[in-house]
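K.L.:
Need a 3D model of the following:
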Amino acid sequence: MKKITFLLIIFVLTTSMEILSQTRATSFNQPPEWSRNVIWYQIFVERFYNGDPTNDPKPENMYSSSADPVPAGWKITPWTQDWYQPDSWAANNGKSFDYNLQYRRYGGDLQGVIDKLDYLSDLGITAIYLNPINDAPSLHKYDARNYHHIDVNFGPDPKGDNLIMASENPGDPSTWKWTSADKLFLKLVEQVHKRGMKIIVDYSWNHTGVEFWAFKDIVKNQEKSAFTDWYSIQSFDNPSTPKNEFDYKGWLNIQSLPEIKKINITTERRDGLPYEGNINEGAKKHIFDVSQRWLAPNGDVSKGIDGFRLDVADQIPMGFWRDYRKFVKSINPEAYLVGEIWWTKWPDDLMDPVPYVKGDVFDAIMFYQLYRPAKYFFSKSDFAINARQFADSLQFQWKRLAEPYRYSMMNVSATHDSPRLLTCFYNQGKYKYNAKPTDNPAYKTGKPDKETYQRVKLYLIHQFTNIGAPHIWNGDEMGMWGADDPYNRKPLWWKEYTFQPETRTNFQPGKKTFDKVEFNSESYNFYKKLIQIRKENHVLSYGSMNFITADDKTLIYSRMNKDAQIFVLFNMDNKKRKLKLPEKNQYINLLDGTSFYGNSVTAEPLSGFILKKLTKNK
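P.N.:
Alright, predicted model coming up:
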């Protein structure tokens, strides 16, 4: 009896220590523990779901002084319309299809996200990343009118919200109020947390839009404005001349995106490389105030968001990012900061993530660096690599990262800035190069062939058994296809809708052909299965990764910790192969539930396995 009691005490203590290790407070220079366990789902709100047609956008809320007026006769586009069908207001305006797409709106909103939270829960999602929802006139919303408010068309009362904002002094946080859109967003946060999920939002602290309140004050008051130091103003208007001499620096010389002024720069500034410096103190204080507003609404961290995705992070000096981390973590030590670190030189050279994930800047980056070699291994590609090259590419990325940051990475494949996963695999060219029909008329934009679907399945097996947190671009799990931006931003193919067939030949001459557009249940169920496997086997979130075989078109690796071992096997050949495991044992294939005893499997062409060893590791 004493022995049993002693063992029970040991078991309880051990279990308690394991739970404590997974919930302990995160030190400043470590990513939050929860970040390695999540399944990310990225939402582009305007195209996600229209939960409230009464708040649909109107031309007055799309106005920007840097853009052409909204076309005459403009109206909301029906959700189920053929993507390539010109809108009635655009049919004869003489502008290109891509130009007109920037004015197209479908009415997706925050109520739509709330309405579909149960769908996300059923899929198995545990973390949501929202593209920008700050108040802004454009579709993409990186051209903020207000950082500290949610876009009026994402909430239930656009007119009332505009009146509330007009009553504030936006430069004084003590005057800030909560609009109906703000309150609905806080309700979304509450509902997300109630389901055990996390939520982060997307901001660009590098630039605003020309309708941003501080920039408008400069336009109005010129050098007399209190905000002239917030931006890089190159010249003010001379009222004694008929010409308007007002000029400023726009991000990448884009005049619709005036850039926040950088100061105290001590190293060379080059796109795609980190540099030392900071940003204007007034703008910095405002950014900190906005961040605090969403991290701890009315001082309550439990009602706030769980972090930020930070746009074009290489454009902002490292001194700001270090200060920003200190500030955010002082409010919520468990907040997650993920940076967009992408191209040193497009389309060939990807950035080195190391300077950004050493413990003083971000907790993760969007890990495009891991996806590109996977695309070249798993898809049929003009830039194909073999299994050894692929394994070497992965090991190169991991070895230059400190171990905790390997596991906290956001492992993206498709996003709002790249072709959808299926379409990326369907085309054999260089990743994200000439990846839309207006750049390359031969780029395939329609429903992929059967082999592409199978290759994507194999890639997904890898993504969900890899080190780092898997990420899904909204709609990929529905089987959606689409070229690079803006063709990756179609309204989602919800099961309850009946869609018009989509033009397959779009910009190509000759007879038009069409694809059936519908929710793909087989794709959805496969994602759901992989998410379940990931969540039920903690070794996939915590275990080490070891390559066993990397031979031409055969790849085998294991994920292992002290309690479990899983083997992941791929045959990327067009003929059967016998794949050997390191030892004879009892295994279960987690993909279909079948089990066997042995040390090898016969793999059909283009096939994969997730095999769990049924005896515990010693």
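K.L.:
hang on, residue 128 packs against residue 202?
P.N.:
No: contact status for residue 128 versus residue 202: not in contact, 11.2 Å apart, counting by C-beta atoms under 8 Å. Heads up, the C-betas are built off the backbone N, CA and C, glycines and all.
K.L.:
List the beta-bridge partners for residue 558.
P.N.:
Judged by DSSP bridges, the bridge partners of residue 558 are residue 546, residue 567.
K.L.:
Residue 503 too?
P.N.:
Bridge pairing for residue 503 - DSSP bridges - gives residue 514.
K.L.:
And stretch 227-238, end to end?
P.N.:
18 Å (C-alpha to C-alpha, to the nearest Å).
K.L.:
can you check stretch 338-345 too?
P.N.:
Start to finish, the residues bounding stretch 338-345 are 21 Å apart (C-alpha to C-alpha).
K.L.:
May I see the buried residues of it?
P.N.:
By 16 or more other C-beta atoms under 10 Å, the buried positions in stretch 338-345 come out as 338-342.
K.L.:
could you pull out the strands for the stretch 301-450 of the chain?
P.N.:
307-310, 336-339, 343-345, 349-350, 364-365, 410-411 (DSSP state E, counting those that start in this stretch).
K.L.:
of the buried residues of stretch 338-345, closest to residue 542?
P.N.:
Checking the buried residues of stretch 338-345 against residue 542 by C-beta to C-beta gives residue 338 as the nearest, at 19.8 Å.
K.L.:
how far away is that closest one from residue 120?
P.N.:
The spacing between residue 338 and residue 120, counted by C-beta to C-beta, to the nearest Å, is 19 Å.
K.L.:
Residue 426 too?
P.N.:
Distance from residue 426 to residue 120, by C-beta to C-beta: 26 Å.
K.L.:
the more surrounded of those two?
P.N.:
Comparing residue 426 with residue 120 by neighbour count (other C-beta atoms under 10 Å), the higher total belongs to residue 426, at 25 against 22.
K.L.:
follow-up on the earlier one: put together TSV for the strands of the stretch 301-450 of the chain, with mean pLDDT and distance to residue 135 on each row.
P.N.:
Formatted as TSV, the strands of the stretch 301-450 of the chain follow (pLDDT from 0 to 100; distance: least, C-beta to C-beta, whole Å):
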stretch	mean pLDDT	distance to residue 135
strand 307-310	99	17
strand 336-339	98	23
strand 343-345	97	29
strand 349-350	98	33
strand 364-365	98	27
strand 410-411	98	26
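K.L.:
do you know which of the ones you listed lies nearest residue 448?
P.N.:
So among these, strand 410-411 is nearest, using C-beta to C-beta, at 21.8 Å.
K.L.:
And the strands in the stretch 101-250 of the chain?
P.N.:
Going by DSSP E, counting those that start in this stretch, the stretch 101-250 of the chain shows strands at 127-130, 134-135, 146-150, 198-203, 233-235, 247-248.
K.L.:
count of residues packed around residue 85?
P.N.:
Residues lying near residue 85 (other C-beta under 10 Å) number 14.
K.L.:
Next up, the contacts around it.
P.N.:
500, 503 (C-beta atoms under 8 Å, 6 or more residues apart in numbering).
K.L.:
And what about it, helix, strand or coil?
P.N.:
coil (DSSP: H, G, I helix; E, B strand; the rest coil).
K.L.:
State the phi and psi torsions of the nearest residue to residue 388 once chain neighbours are set aside.
P.N.:
Once flanking residues are discounted, residue 388 sits nearest to residue 550: 4.6 Å by C-beta to C-beta, 6 or more residues apart in numbering. Torsion angles at residue 550 (phi, psi; degrees, to the nearest 10) stand at phi -140, psi 80.
K.L.:
was I right about residue 550 contacting residue 385?
P.N.:
No: using C-beta under 8 Å, residue 550 is not in contact with residue 385, being 10.7 Å away.
K.L.:
Take the buried residues of stretch 338-345 and lay them out in JSON lines including distance to residue 497.
P.N.:
Shown next, in JSON lines, are the buried residues of stretch 338-345 (distance: C-beta to C-beta, whole Å):
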{"residue": "338", "distance to residue 497": "32"}
{"residue": "339", "distance to residue 497": "36"}
{"residue": "340", "distance to residue 497": "32"}
{"residue": "341", "distance to residue 497": "37"}
{"residue": "342", "distance to residue 497": "33"}
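K.L.:
pLDDT averaged over stretch 381-391, what's the number?
P.N.:
Stretch 381-391 carries an average pLDDT of 98.
K.L.:
Can you give me the end-to-end span of that stretch?
P.N.:
Calculated as C-alpha to C-alpha, the first-to-last residue distance of stretch 381-391 is 17 Å.
K.L.:
So what's the gap between it and the chain middle?
P.N.:
25 Å (C-alpha atoms, centre = their mean, to the nearest Å).
K.L.:
What is the subsequent helix or strand relative to the worst-scoring helix or strand of the chain on mean pLDDT?
P.N.:
Across the helices and strands of the chain, mean pLDDT, DSSP states H and E gives its lowest value to helix 2-23, namely a mean of 37. Sequence-wise, the next helix or strand downstream of helix 2-23 (DSSP states H and E) is strand 40-43.
K.L.:
what's the longest strand along the chain in contact with?
P.N.:
Criterion DSSP state E: the longest strand present in the chain is strand 577-589. Contact with strand 577-589 is made by 548-549, 553-554, 556, 567, 569, 571, 594-603, 609-615, as judged by C-beta under 8 Å, 6+ apart.
K.L.:
Now list the buried members of the residues you listed.
P.N.:
Of those, these count as buried by 16+ other C-beta under 10 Å: 548-549, 553-554, 556, 567, 569, 571, 601, 603, 609-613.
K.L.:
Now do the same contact list for residue 182.
P.N.:
149-150, 155.
K.L.:
I'd like these as a markdown table, with neighbour count, pLDDT and distance to residue 359 appended.
P.N.:
A markdown table is the format used below for the contacts of residue 182 (neighbours: other C-beta atoms under 10 Å; pLDDT from 0 to 100; distance: C-beta to C-beta, whole Å):
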| residue | neighbour count | pLDDT | distance to residue 359 |
| --- | --- | --- | --- |
| 149 | 28 | 98 | 33 |
| 150 | 27 | 98 | 32 |
| 155 | 25 | 98 | 38 |
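K.L.:
closest to residue 175 among those residues?
P.N.:
Closest to residue 175, out of all of the contacts of residue 182 and judged by C-beta to C-beta, is residue 149, at 12.5 Å.
K.L.:
Next, count neighbours for the closest residue to residue 137 other than its chain neighbours.
P.N.:
Nearest non-adjacent residue to residue 137, counting by C-beta to C-beta, 6+ apart: residue 64, 4.5 Å away. For residue 64, the neighbour count with other C-beta under 10 Å is 17.
K.L.:
Wait, a helix at residue 555?
P.N.:
No: Residue 555 is assigned strand when assessed by three-state DSSP, not a helix.
K.L.:
Can you get me a residue count around it?
P.N.:
What residue 555 shows, counting by other C-beta under 10 Å, is a neighbour count of 26.
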